[in-house]
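Undergrad: Next input, structure requested:
(3 chains)
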Amino acid sequence: MNPNLYHVLGAKQFSRSELDELFVAAKGMEEVVRTGGNRSHQGAIMTTLFFEASTRTRLSFEAAMSRLGGSVIGTENAAQFSSAIKGETLEDTIRIISGYSDVIVMRHTEIGAAKRAAAVADVPVINAGDGAGEHPTQALLDAYTIQKEVGQLDGVRIAMVGDLAYGRTVHSLSYILANYRNVMVYYISPENVRIPGYVKRYMDEKGIRYEETGDLESVAGSIDVLYQTRIQKERFPSLEEYEKASGHFIVDEELMSRMNKNSIVLHPLPRAGEIADAVDNDPRAAYFRQARNGLYIRMALIDKALSGINR
Amino acid sequence: MNPNLYHVLGAKQFSRSELDELFVAAKGMEEVVRTGGNRSHQGAIMTTLFFEASTRTRLSFEAAMSRLGGSVIGTENAAQFSSAIKGETLEDTIRIISGYSDVIVMRHTEIGAAKRAAAVADVPVINAGDGAGEHPTQALLDAYTIQKEVGQLDGVRIAMVGDLAYGRTVHSLSYILANYRNVMVYYISPENVRIPGYVKRYMDEKGIRYEETGDLESVAGSIDVLYQTRIQKERFPSLEEYEKASGHFIVDEELMSRMNKNSIVLHPLPRAGEIADAVDNDPRAAYFRQARNGLYIRMALIDKALSGINR
Amino acid sequence: MNPNLYHVLGAKQFSRSELDELFVAAKGMEEVVRTGGNRSHQGAIMTTLFFEASTRTRLSFEAAMSRLGGSVIGTENAAQFSSAIKGETLEDTIRIISGYSDVIVMRHTEIGAAKRAAAVADVPVINAGDGAGEHPTQALLDAYTIQKEVGQLDGVRIAMVGDLAYGRTVHSLSYILANYRNVMVYYISPENVRIPGYVKRYMDEKGIRYEETGDLESVAGSIDVLYQTRIQKERFPSLEEYEKASGHFIVDEELMSRMNKNSIVLHPLPRAGEIADAVDNDPRAAYFRQARNGLYIRMALIDKALSGINR
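TA: Numbers count the residues shown, from 1 in each chain, chains lettered A, B, ... in the order given. Now for the predicted structure:
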């Protein structure tokens, strides 16, 4: 891996001071967008290399590059590179794409794909999700949103709710939060999709307090952040069990009434019923503001990645 | 719906004075293109959100934005937002995409989708076709072409030919023409795909003269514009009936010989046999010039939509 | 065909002096890229019209246009234009797209499609591969790479290895090489995928020496360039026969030890086992440098095509 390149591969790579710096940069990007974008990376090219479609994430990155004046090329169809017929390795694909662009944003289906790409790339690689692995830019925008909305991340009390086993965003967010002081995490999930042991071990190592529970109602009154996620129907053995589990974790007006005045509700989106539409009008519903923060965080990351190279 | 945004949702929204103004603006865009485009919307981002592929329409919009110096992001694969698994509503998708861009151009499969999008969008929405509903920018470029080629829209005599039941472009064009004086419309179609009652009622309300007939040959000599459309094979109960119907409405050299020297032939394209290739060389064959006018109309609409907002 | 437009349709169209000029231009483009690109075609639009997906080639062209400051619109889904339902001819599609852009880069599944497009286009057409026909920009970047790496094309001794029957790149490269003096070509292939008679006849007409053989080992020591290609499994009647044939033509460290110190190995990529990974670290392995040269050649071609028109 070229040590002169700034890759964004996983949430654990970030130190507290890097996060502080990133969030200041993201704040600056809000002003850049408000005043019509800038041309600071005019002439630079970003390639979005998506081995599986994720239009929302891809458009967020492409908007970020455009706001900085850069050009975007890309594909949602990168899987054809490694099609059965053509049989190209990810490494060969990346070596070639490196020759066309100044930064690569990659989504892949396999854990560790971003690291493999970075190992051979001549340009920075930003991980936009690698299978059940990491989705670091989502975790960064989540943390940025908490800092903006709650005021600070030190001392934050957060409930992560839903499918905590397969939902990679809650893993990555946990790793980011482990950089802060006096954090309290409630992991609230159905029995069969509890937070994995390796996440808990990481939190233990970092001295972060957490508690596992299935009781959202009791916790609701004592948190700053309710981080809701989608319960994925397909993980459950039967529809009945799914409905029993998911029924406990709907964020609706009744639940909102239990929450503090200054607390917020986040969701990585898309949602599918686990937050009632009626909640959208509550000022504590921060999930659309959260989505917008993705633009600023990605602008800050792209800016940092591109500033480090001599084109 | 945010009243400060300029949405383009349906053909009925346009008044005569708005049309006059739009066509002057489109004329100006011809000069902009002739002199290499401008950078008047540099830094602005257009998202093309196509829930069904329509490459021709999408490229026309993207070219329009590029000629104005703006950036384009987008997808032909927007249907994945609302996939069975992810289950996101159109409203949520639009709320998120609003955060990435300054104008949204949307094609959808459902009638009314553009209005639903505009109801929640923070940026202008331009309807690039919503199912069997409207395709207003096509109707606007059609009307602009008639004004350019015939000289004026007041007093125009036009035959709309083909599948008038399902062809949304003839509906939208009728609504636009209803703004002009002394218009005469001949609706010429097979029996089973006649112009719908709701279009006729609208024309009645506006006092526009029209006539329904199945006899193109008799009408050919007394019109300024022959607006040909594709007869969609799949609408007919049998191939035999389709061929009987469609056979009557081929625009060929014989038919052209019946038409006036200063009349024109239009077609929204693609065509599939209903205009003979030999007609292409006739100066009255205006359908490729018509397609090009789409660029100027869309530039004018995008320019108006973007000029109304403070980024 | 409009004689004022610079189309790139096939390898045979290039004279020696045009090649010399092109390679000087490509060399200049290396400097343009090294210094961050330029804005010489700002405001111009390139349409990439791909009737079959070829992400690698498409991204190379799009990067080239972006480095020159131009805009890109396009589709990997152009086949829908001519779908069974819509039934549009290629000619109609090109006439319409001509109205949206300043240059069209086209990949198609049928031999001769690029010529048909150029016959009706109002803007230059660049052939990015038409079925089993030609892929001229690949041959140009191959020849440019040889000139850069070996020093000159006159007098070059090259072995083209693999599937020489269906591999269009070796055909196009042969046509380019026929412009040079004292060239020697070894066509090395399994019996059932030998170089076609029409290529040999062209070489005969141009007075180019060549030899057909199945023995790569013997030739390895007397060549400047080993041009490896993929043996396509699906061409062979049985897996056993495929493996027997392909086994002879692996470029590995043993084969590299037979080759000259200043020779190079090329490959149009993707590869699928016919060059061992261990060879990548050999300085004579030039295939990734070759891929990068595609950017400079395509920049030079786009620049020439766009410079010839008045927008």
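Undergrad: which helices and strands sit right next to the longest helix seen in chain A?
TA: As assigned by DSSP state H, the longest helix anywhere in chain A is helix A:287-307. When contacts are defined as 3 or more C-beta pairs under 8 Å, 6 or more residues apart in numbering or on different chains; DSSP states H and E, helix A:287-307 packs onto helix A:16-34, helix A:55-67, strand A:103-108, strand A:125-130, helix A:136-150, strand A:264-266, helix B:90-98. (Each C-beta comes from the backbone N, C-alpha and C, glycine too.)
Undergrad: which residues sit in contact with A:Ile302?
TA: A:41, A:46, A:61, A:64-65, A:68, A:70, A:103, A:126 (C-beta atoms under 8 Å, 6 or more residues apart in numbering or on different chains).
Undergrad: Can you add pLDDT and give those back as a markdown table?
TA: Shown next, in a markdown table, are the contacts of A:Ile302 (pLDDT from 0 to 100):
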| residue | pLDDT |
| --- | --- |
| A:His41 | 96 |
| A:Met46 | 98 |
| A:Phe61 | 98 |
| A:Ala64 | 98 |
| A:Met65 | 98 |
| A:Leu68 | 98 |
| A:Gly70 | 97 |
| A:Val103 | 98 |
| A:Ile126 | 98 |
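Undergrad: Out of those residues, which are close to chain B?
TA: Among those, no residue is within reach of chain B (C-beta under 8 Å from any C-beta of the partner chain).
Undergrad: List just the nearest of those to B:Ala78.
TA: For those, the residue nearest B:Ala78 by C-beta to C-beta is A:Phe61; the value is 16.7 Å.
Undergrad: Any figure for the gap between that closest one and A:Leu68?
TA: Per C-beta to C-beta, to the nearest Å, A:Phe61 is found 11 Å from A:Leu68.
Undergrad: higher neighbour count, the two?
TA: Neighbour totals were compared for A:Phe61 and A:Leu68, and A:Phe61 leads with 29 against 25 (other C-beta atoms under 10 Å in any protein chain shown).
Undergrad: I'd guessed that one sits against A:Met106; true?
TA: No - here A:Phe61 does not reach A:Met106: they are 10.2 Å apart, not a contact under C-beta atoms under 8 Å.
Undergrad: Pull up the residues of the stretch 1-150 of chain A that are close to chain C.
TA: Residues of the stretch 1-150 of chain A lying near chain C (C-beta under 8 Å from any C-beta): A:42-45, A:47, A:71, A:73-75, A:77-78, A:80-81, A:85-88, A:92-93, A:95-97, A:99-101.
Undergrad: Could you tell me which of the residues you listed are located in strands?
TA: A:45, A:47, A:71, A:73-75 (DSSP state E).
Undergrad: So for these, which is the shakiest by pLDDT?
TA: Within the set of these, pLDDT is lowest for A:Thr75 (87).
Undergrad: Which residue is the nearest non-sequential neighbour of it?
TA: C:Thr55 (4.7 Å; C-beta to C-beta, 6 or more residues apart in numbering or on different chains).
Undergrad: so who does the one you found touch?
TA: Contacts of C:Thr55 (C-beta under 8 Å, 6+ apart): A:75, A:77-78, A:80-81, C:76.
Undergrad: which of these lies closest to C:Ile264?
TA: Closest to C:Ile264, out of all of the contacts of C:Thr55 and judged by C-beta to C-beta, is A:Phe81, at 24.3 Å.
Undergrad: Which positions in chain A make contact with chain B?
TA: A:33-39, A:53, A:55-56, A:58-60, A:62-63, A:66-67, A:69, A:72, A:76, A:232, A:234, A:269-273, A:288, A:291-292, A:295.
Undergrad: So if we follow the domain assignment, how does chain A break up?
TA: A:11-134+A:292-307, A:136-291 (automatic domain parsing).
Undergrad: Nearest to B:Ala11, out of those domains?
TA: Closest among these, using C-beta to C-beta: domain A:11-134+A:292-307, at 28.9 Å.
Undergrad: mind showing which ranges of chain A have poor pLDDT?
TA: A:81-86, A:234-235, A:244-247, A:309-311 (pLDDT under 70).
Undergrad: Could you work out the end-to-end span of stretch A:73-91 for me?
TA: One end of stretch A:73-91 sits 19 Å from the other (C-alpha to C-alpha, to the nearest Å).
Undergrad: Stretch A:124-139 too?
TA: 19 Å.
Undergrad: same thing with stretch A:2-17?
TA: Note: stretch A:2-17 ends 23 Å apart using C-alpha to C-alpha.
Undergrad: contact partners of that stretch?
TA: Here stretch A:2-17 makes contact (C-beta under 8 Å, 6+ apart) with A:1, A:22, A:114-115, A:118, A:121-127, A:133-134, A:136-137, A:139-140, A:171-173, A:175-176, A:179-180, A:202, A:301, A:304-305, A:308-309.
Undergrad: Buried members of those residues into ChimeraX, please.
TA: Of the contacts of stretch A:2-17, the buried ones go into a single ChimeraX selection, burial set by 16 or more other C-beta atoms under 10 Å in any protein chain shown:
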select /A:22,114,115,118,121,122,123,124,125,126,127,133,134,136,137,139,140,171,172,173,175,176,179,180,202,301,304,305,309
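Undergrad: Just the C-alphas of whichever strand or helix holds A:Leu49, formatted as CSV.
TA: Here A:Leu49, judged by DSSP states H and E, is contained in strand A:45-50. C-alpha atoms of strand A:45-50 as CSV (Å, rounded to 0.1, in the frame of the first residue of the first chain):
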residue,chain,number,x,y,z
ILE,A,45,-11.5,12.8,-11.8
MET,A,46,-13.3,10.6,-9.4
THR,A,47,-14.3,7.0,-10.5
THR,A,48,-17.3,5.5,-8.7
LEU,A,49,-16.7,1.7,-9.1
PHE,A,50,-19.8,0.0,-7.7
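Undergrad: Now find how far off-centre it is within its chain.
TA: With C-alpha atoms, centre = their mean, to the nearest Å as the basis, strand A:45-50 stands 18 Å off its chain's centre.
Undergrad: can you check stretch A:16-33 too?
TA: That offset, for stretch A:16-33, works out to 16 Å (C-alpha atoms, centre = their mean).
Undergrad: which parts of it are buried?
TA: Buried residues in stretch A:16-33, defined by neighbour count with 16+ other C-beta under 10 Å: A:19, A:22-23, A:25-26, A:29-30, A:32-33.
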